[in-house]
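# coordinates only, sequence not included:
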C-alpha cells in the first residue's frame, strides 16, 4: 500500500475525476464512477489511519504533559452528560495512570481517545445542525473538549474551530453545500438530500414514493427532521448507539454500508461536503485539505 | 508457438484506415466482429458508422493464398441524440456488433450504442429491371391512353450494389449504458445488458422486452457493483452469463424463473491479499466475457489477466494468463491518465486452443493453452510489408534491458489494442488499433 502522502493525492485525483465526469459526453458513466469511489474510499481509509497515527503520536506526548499538570484542576462535570457513560470513568483513569509518569502513556490512550470520540460525536452532530434539538443543559463547553487537542499542533484544532463555525452556519441555514437534488432515472422521482437527510420533493406516480421517505429516513443518520418527536427518537437512538459502540474509538456513527463504499449519491451530492458530514474529525481534516482547491457547490442535479 | 501442424507464424496481410497520426475522434474503432463464416468482417466506430469488409474467396484453395478483405458496405448506424427529459447526450459510438446466422441471401447484424439497438439488413443487388415503357425519357409518366403495347421488363446485370437498411429499432429499454448484446442460439431472441439490467428481446418485436436480470438496489446509495458484460451460451438457449465489476461471473438459467436475479452458478476467485492495493477493485473488474466455441469454458478479461473458467468449477479458473503483469507497479500512473479504466476484449480461436487479447503500445498477446506458450506481437505500420512475418516482442519489466526489448517506461499508453477478433475457422485475425484495422494471417494457413 502506498503511503499517506499518495493517499491524499489519490483523494484529490478521484474527486477531480468525479467532478469531470459530470461534463463528459454521453452522460455520467456509472461503472467508472463506482470504481473511482472505491479508490476514494481506499485512499481515505489509509489517509485516516496515517493521520490518526501521526496525530496520536503528537497527542500522546502533549497529553502526558498536559494531563499531569491538570490533575488537580480537573472537574469531572466538565465532560458532557450526554456521553457520560464512558466519560465519567475517564478522569479517574487518567489520574491513576498519569500518576505513574510519562512512561505510562498506554492507559492514557483510552481516555484521550474517549474524549476524542465524544468530541467526534459533538462535532459531527453540530455539523448536522442537531444542536437546536438538544436539551439546553447538554450544550457542550467546546473549549474544554479542545483543551486536550488544542495542545496538539495547529491544524487539527484550527479545523475543529472551522468545523464549528461551518456547523453554525449550516444549521442556521446560511451554510454552503447542504442541498442536492437527485433524479432517479427509472422512476423519475426527484429526491433532495439535505445535510445527509433525504426527503422527496415529488413523486411521479411511483408507488414506492410513499414508502421511500420512511425507508430513506431509516438509513440516513441525519437527525434533522421537521418532526420534533422523531428528532428526539433519533438523537436518543444515536446516542445509545454511540455509548454501546464506544470501544472502537473512532467508530463512525451507525449508518449503513459505509464500510463498504463511499456512497455515490453523497459523493456526487452535497458538493463533496457530503464527504465531510459523514466522517470523523480527522477524516474531515484530510478531506478538507484535499478539497480546498475545488470550490463550493451550491446546488447540483445528479442523474442516476 | 506451435499450432496444429507446426509453428504458427503470423504475417501481415492488410491494414485499413487512415495513415495520419492525427486521429479524428469519429474514426476510433470501437468494435470488431467476424460473421459466422468469417467471410464478412464488421467494424464500428465512435462516429456511429459501420464498415463491413468481405473476404475474396475465389482463390482460397490455391497455395500461398492471401486472404484479402475489401470494403463491402459502409453505413451510418447511429446518430448522436439528446434525451431532453434527462438532459443527457447519447453518444453515437457503436459499442457492439453481433452478426445473426445467415438464413437467406441477405446478411443481418445487430449494432448498438449506449441506448438503442438496431437490426440491419445487408443485401446485394446485382441486377436491375430494364425495359419499362411507362415513362418518358425525362422520367415523367406517360399518359396511359398513349400506351398501346405491354412490355415486360428484363433483368440485366449491373454493378454490385450493397444496401444496408435498418429493419428493426429496439429503443427505450435501457436507462443505463448498454455494454453488451448477444444473439441466442435459438436465433429468435437476443439479450442486451446495461450497467444494472439485462433485457431479453425477440428479434421480431421492438416495442417490448423482458427484463431478466435487475441488480439495481432499492437505494442507489447501496450500489456496490455493476454488470460489465453478458453473453448467451453458444448451444444452450436457456443459459447465459453476466460478469460484474467485482470480478464475479454469474451463470443463469432462464428455465428456473422469469427473473434471473438468483444465479445458478457464481464464478469467483478469492482475492490474493498480498496483492491488495488502492486499485484492487478496479483491476478485478471484468471487461469482457466470452464462451468457448464448444461451450465448455468461458474466458474473462480483467485489467491485468485473462482467466479461463470451466463451467463446472466455480471456485477458481482453470487457467490464468498474465497479460502485462509489469503494469502492476504502475497502477497509480495508469489511474492518473485513466488508462486503468480501459476495457480490453478477448477472443478464442476456432478450435478453442488459443486465446488472444490486446495490450498497450499496440501490442497484442496470444496464449496457446495446449502448449503453455504465449507470444507478444505488435501491430504497427513499420511491420506492414505484405506477408512480413511478425517478430515476437518482449517487454523488459526491470533490470537490464536486453537488445530488442522495450522497457515499461517507453510503452506508449495512447496506443492500445482493445478490440480483436479471430476468424471462426481459419488462422486469420483482425486487430484494431486506435483508428486502424490490421489483418494478420498464419503463414501456413
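Noted; the coordinates are in hand. On a predicted model such as this, the values are computed, not experimentally measured, just so you know. Numbering: from 1, shown residues only, chains lettered A, B, ... in the order given.
# make it CA atoms for all contacts and neighbour counts henceforth
Noted.
# burial measure for the closest residue to residue B:244 other than its chain neighbours, as a count.
Residue nearest to residue B:244 in three dimensions, not counting chain neighbours: residue B:227, with 4.5 Å by Cα to Cα, 6 or more residues apart in numbering or on different chains. Using other Cα atoms under 10 Å in any protein chain shown, residue B:227 has 28 neighbouring residues.
# residues from the stretch 1-150 of chain B in reach of chain A?
Counting by Cα under 8 Å from any Cα of the partner chain, the residues of the stretch 1-150 of chain B close to chain A are B:86, B:88, B:89, B:90, B:91.
# Of those, which belong to strands?
If you go by DSSP state E, those have B:88, B:89, B:90 in strands.
# Of the residues you listed, which is the most crowded?
residue B:90 (19 neighbours).
# Next, the buried residues of stretch B:8-25.
For stretch B:8-25, a neighbour-count test (16 or more other Cα atoms under 10 Å in any protein chain shown) marks B:8, B:9, B:10, B:11, B:12, B:13, B:14, B:15 as buried.
# Could you give the secondary structure assignment for the last one?
What DSSP: H, G, I helix; E, B strand; the rest coil gives for residue B:15 is strand.
# where are the low-confidence patches of the stretch 1-150 of chain A?
Under the criterion pLDDT under 70, the flagged ranges of the stretch 1-150 of chain A are A:1-5, A:72, A:74-150.
# my guess is the residue nearest to residue B:244 meets residue B:178, correct?
No - contact between residue B:227 and residue B:178 fails when scored by Cα atoms under 8 Å: they sit 9.8 Å apart.
# Please enumerate the shared neighbours of those two.
Common neighbours of residue B:227 and residue B:178 (criterion: Cα atoms under 8 Å, 6 or more residues apart in numbering or on different chains): B:193, B:194, B:195.
# Pretty sure the first one sits against residue B:176.
No - with contacts counted by Cα under 8 Å, residue B:193 stays clear of residue B:176, the gap being 9.1 Å.
# Neighbour count for these two, which is higher?
Between residue B:193 and residue B:176, residue B:193 has the larger neighbour count (other Cα under 10 Å), namely 27 against 21.
# Would you state the predicted confidence (pLDDT) at residue A:197?
If you check residue A:197, the pLDDT there is 47.
# Pass me the low-pLDDT residue ranges in the stretch 301-445 of chain B, would you?
Flagging of the stretch 301-445 of chain B using pLDDT under 70 yields the residue ranges B:444-445.
# Quick one: name the residues of it near chain A.
So far as Cα under 8 Å from any Cα goes, the stretch 301-445 of chain B lies against chain A at B:336, B:341.
# Strands along the stretch 301-445 of chain B, start to end?
With strands called from DSSP state E, counting those that start in this stretch, the stretch 301-445 of chain B shows them at B:305-310, B:319-322, B:346-348, B:354-358, B:363-368, B:373-378, B:394-396, B:405-407, B:419-422, B:428-432, B:437-442.
# quick check, distance from stretch B:284-297 to the centre of its chain.
13 Å (Cα atoms, centre = their mean, to the nearest Å).
# same check, this time on stretch B:171-183
On Cα atoms, centre = their mean, the centre of stretch B:171-183 falls 15 Å from that of its chain.
# Residue B:32 sits in which helix or strand?
For residue B:32, the element it lies in under DSSP states H and E is strand B:29-34.
# Who does that strand pair with, and is each partner parallel or antiparallel?
Partner strands and pairing direction for strand B:29-34 (DSSP bridges) are strand B:40-45 (antiparallel).
# what angle do the partner strand and strand B:437-442 make?
150 degrees (axes from the mean of the first three to the mean of the last three Cα atoms, to 10 degrees).
# ok, and what's touching strand B:40-45?
So strand B:40-45 is contacted by B:26-35, B:50-55, B:69, B:93-97 (Cα under 8 Å, 6+ apart).
# got it, and stretch B:380-391?
For stretch B:380-391, the surrounding residues in contact (Cα under 8 Å, 6+ apart) are B:9, B:10, B:11, B:12, B:13, B:14, B:15, B:362, B:377, B:378, B:443.
# Farthest pair within those residues?
Taking Cα to Cα, the two most distant members of the contacts of stretch B:380-391 are B:362 and B:443; they sit 21.1 Å apart.
# which element follows the biggest strand by length in chain B toward the C-terminus?
For chain B, the strand with the greatest residue count under DSSP E is strand B:154-170. The helix or strand immediately downstream of strand B:154-170 is strand B:180-183, counting by DSSP H and E.
# Report whether the helix or strand following that following strand contacts chain A.
Under the assignment DSSP H and E, the closest C-terminal helix or strand after strand B:180-183 is strand B:189-193. No - figure legend: strand B:189-193 not in contact with chain A (Cα under 8 Å from any Cα); closest approach 13.1 Å.
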